[in-house]
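The sequence isn't on hand, but the structure is:
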């Protein structure tokens, strides 16, 4: 079943806005997606009718709020194929989720001489925390490098894996190249040498079916705001037996079992990792976003975005000044395309596109080392969601041609 984009557009209030007398063409979904009315209404309803602190209150309103929060956890667990709802830890977003693993798992398990294996395509959120943790414990970082097509070969992964590799931490899909990496195969190889595997799923969960149990990883992180949900909430999934062994990342109310003046003990998971008052409204909004995506069907979402990506690659390839980053096969990508343009800096490109009311991202996309390895200072990125159309891409191409004309 193909999704009805014309009807979907009506669900997103912000798409009715105009800039420079033109309708908004929003192509920056890899940075943050727009929100459908169902998500906005769910958050408004929570704060209007159910707002209370959770888990503590012995009154009806608090019990309502607690139920909504825990139902959101169950919804997330089911959406990503987790075996237990308590494996879902709510965080501020992917960045915090990855930092939690680096601190809670890294400090306890990494030691001098160990190796952390990353790719050179990682977002800074999956690079900098490991730089800092390895510095503290005396471990080292090694890198799997993407090939000239922006892909990763399992043969190259094999060459990097040995008994010294204690951890592999990789993005499921690159936020610059768009490449969907062979995570399941990497997990299998990593397990053969006894390594723990962390996956940054920020660019994957919004665009395709993800089943963490099937992938074989140990931790998986993603954000609500890239999948039609609100900002300020994300998810860290971890295997139950691993989470139970980890020390908390934060301390305070809500995460304790018993406290006295001499010592404290911790609550069971997931409460152990959710100190303080949680973002209940955000969890409710995330649940609404998942329900919206499930109604569309993730296979349909994937099919729609692959079709858009294929069309964008075709149209951009026709412009001789454009150099596309990453694989030319749309089926190997999530819904984004980054490019450079001869004679036009990405910031200038974005500024010209803005006059067409086209919103894109220009810069290094929090992946400077990848840009360095590609020999470029920056790139322009277009990224799609369920409300985008081929007409949006045609307007994008018109704007690109105008930019080339101006600067050349």
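Nice, I can see it. If you're wondering where the values come from, they're calculated on a predicted model, not measured in any experiment.

Nearest residue to the middle of the protein?
For the chain, the residue nearest the mean C-alpha position is residue 202 (1.0 Å; Cα atoms, centre = their mean).

which residue sits closest to residue 17, ignoring its sequence neighbours?
residue 24 (4.8 Å; Cβ to Cβ, 6 or more residues apart in numbering). Quick note: C-beta positions are derived from backbone N, CA and C, even for glycine.

so the one you found touches residue 354, yeah?
No: the criterion here is Cβ atoms under 8 Å, and residue 24 misses it with residue 354 at 10.6 Å.

before we move on, the earlier item: residues touching the residue nearest to residue 17, list them.
14-15, 17-18, 357, 359 (Cβ atoms under 8 Å, 6 or more residues apart in numbering).

can you do 6 Å?
15, 17, 357 (Cβ atoms under 6 Å, 6 or more residues apart in numbering).

Got the phi and psi for residue 338?
phi -110, psi 150 (degrees, to the nearest 10).

give the contact list for it.
176, 325, 379, 381.

re earlier: if I look at the residue nearest to residue 17, what pLDDT would I see?
The model reports residue 24 with a pLDDT of 98.

Then residue 1?
57.

quick one, helices of the stretch 151-300 of the chain?
Using DSSP state H, counting those that start in this stretch, the helices of the stretch 151-300 of the chain run over residues 154-160, 183-192, 212-215, 240-245, 280-296, 298-317.

Would you point to the one among these that's packed deepest?
Burial of those is given as mean neighbour count (mean count of other Cβ atoms under 10 Å); helix 280-296 ranks first at a mean of 22.

For this protein, give me the ranges with low pLDDT.
1 (pLDDT under 70).

Mind doing that once more with 80?
The model of the chain has pLDDT under 80 over residues 1-2.

Quick check: buried residues in stretch 99-108?
Buried positions in stretch 99-108, judged by neighbour count with 16 or more other Cβ atoms under 10 Å: 99-106.

typo on my end, stretch 42-53
42-43, 46, 50, 52.

I'd like these as JSON lines, with distance to residue 234 and secondary structure appended.
Below are the buried residues of stretch 42-53 laid out as JSON lines (distance: Cβ to Cβ, whole Å; DSSP: H, G, I helix; E, B strand; the rest coil):
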{"residue": "42", "distance to residue 234": "17", "secondary structure": "helix"}
{"residue": "43", "distance to residue 234": "16", "secondary structure": "helix"}
{"residue": "46", "distance to residue 234": "18", "secondary structure": "helix"}
{"residue": "50", "distance to residue 234": "22", "secondary structure": "helix"}
{"residue": "52", "distance to residue 234": "23", "secondary structure": "coil"}
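
closest to residue 408 among these?
residue 43 (46.1 Å; Cβ to Cβ).

is it true that that closest one touches residue 285?
Yes: shown here, residue 43 and residue 285 form a contact pair, counting by Cβ atoms under 6 Å, at 4.4 Å.

Residue 252: neighbour count?
Other residues within reach of residue 252, judged by other Cβ atoms under 10 Å, total 10.

wait, I meant residue 247
By other Cβ under 10 Å, the residues close to residue 247 number 13.

For it, give me phi and psi.
Torsion angles, degrees, to the nearest 10, at residue 247: phi -80, psi 150.

got the contact list for it?
Here residue 247 is in contact with residue 104 (Cβ under 6 Å, 6+ apart).

Report the separation between it and residue 105.
Here the criterion is Cβ to Cβ, to the nearest Å. By it, residue 247 lies 9 Å from residue 105.

now residue 90
The value you get for residue 90 to residue 105, if Cβ to Cβ is used, is 18 Å.

now do residue 195
12 Å.

Show the contacting residues for the closest residue to residue 35 other than its chain neighbours.
Nearest residue to residue 35, sequence neighbours excluded (Cβ to Cβ, 6+ apart): residue 228, at 5.9 Å. With contact taken as Cβ under 6 Å, 6+ apart, residue 228 is in contact with 33, 35-36, 289, 292.

which of the contacts of residue 24 lies closest to residue 400?
Nearest to residue 400 among these, with distances taken as Cβ to Cβ, is residue 357, at 14.2 Å.

what sits against the closest one?
19-20, 22, 24-25.

So how do I select the buried members of these in ChimeraX?
Buried subset of the contacts of residue 357, written as a ChimeraX selection, criterion 16+ other Cβ under 10 Å:
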select :24,25
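
Need the contacts of residue 357 in TSV (columns: secondary structure and distance to residue 83).
Formatted as TSV, these follow (DSSP: H, G, I helix; E, B strand; the rest coil; distance: Cβ to Cβ, whole Å):
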residue	secondary structure	distance to residue 83
19	strand	46
20	coil	50
22	strand	48
24	coil	41
25	strand	41
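
Among the contacts of residue 357, give me the pair with the biggest separation.
Farthest apart among the contacts of residue 357 by Cβ to Cβ are 20 and 25. That separation is 11.4 Å.

one step back: closest one to residue 343 out of the buried residues of stretch 99-108, please.
Distances from residue 343 to the buried residues of stretch 99-108, taken by Cβ to Cβ, are shortest for residue 99, at 39.6 Å.

Would you check how far apart residue 255 and residue 55 are?
10 Å.

out of these two, which sits in the more crowded spot?
residue 255 (20 against 17).

I'd say the more buried one and residue 275 touch.
Yes: when contacts are counted by Cβ under 6 Å, residue 255 is listed as touching residue 275 (4.2 Å).

for the residue lying closest to residue 244 once chain neighbours are set aside, what are its contacts?
Distances taken as Cβ to Cβ, 6+ apart place residue 269 nearest to residue 244, at 6.0 Å, with adjacent residues excluded. Each residue near residue 269 by Cβ under 6 Å, 6+ apart is listed here: 86, 243-244.

what domains does the record give for this structure?
41-294, 297-407 (automatic domain parsing).

about what we covered before: so which of the buried residues of stretch 99-108 comes closest to residue 212?
Once Cβ to Cβ is applied, the member of those that ends up nearest residue 212 is residue 101, at 13.8 Å.
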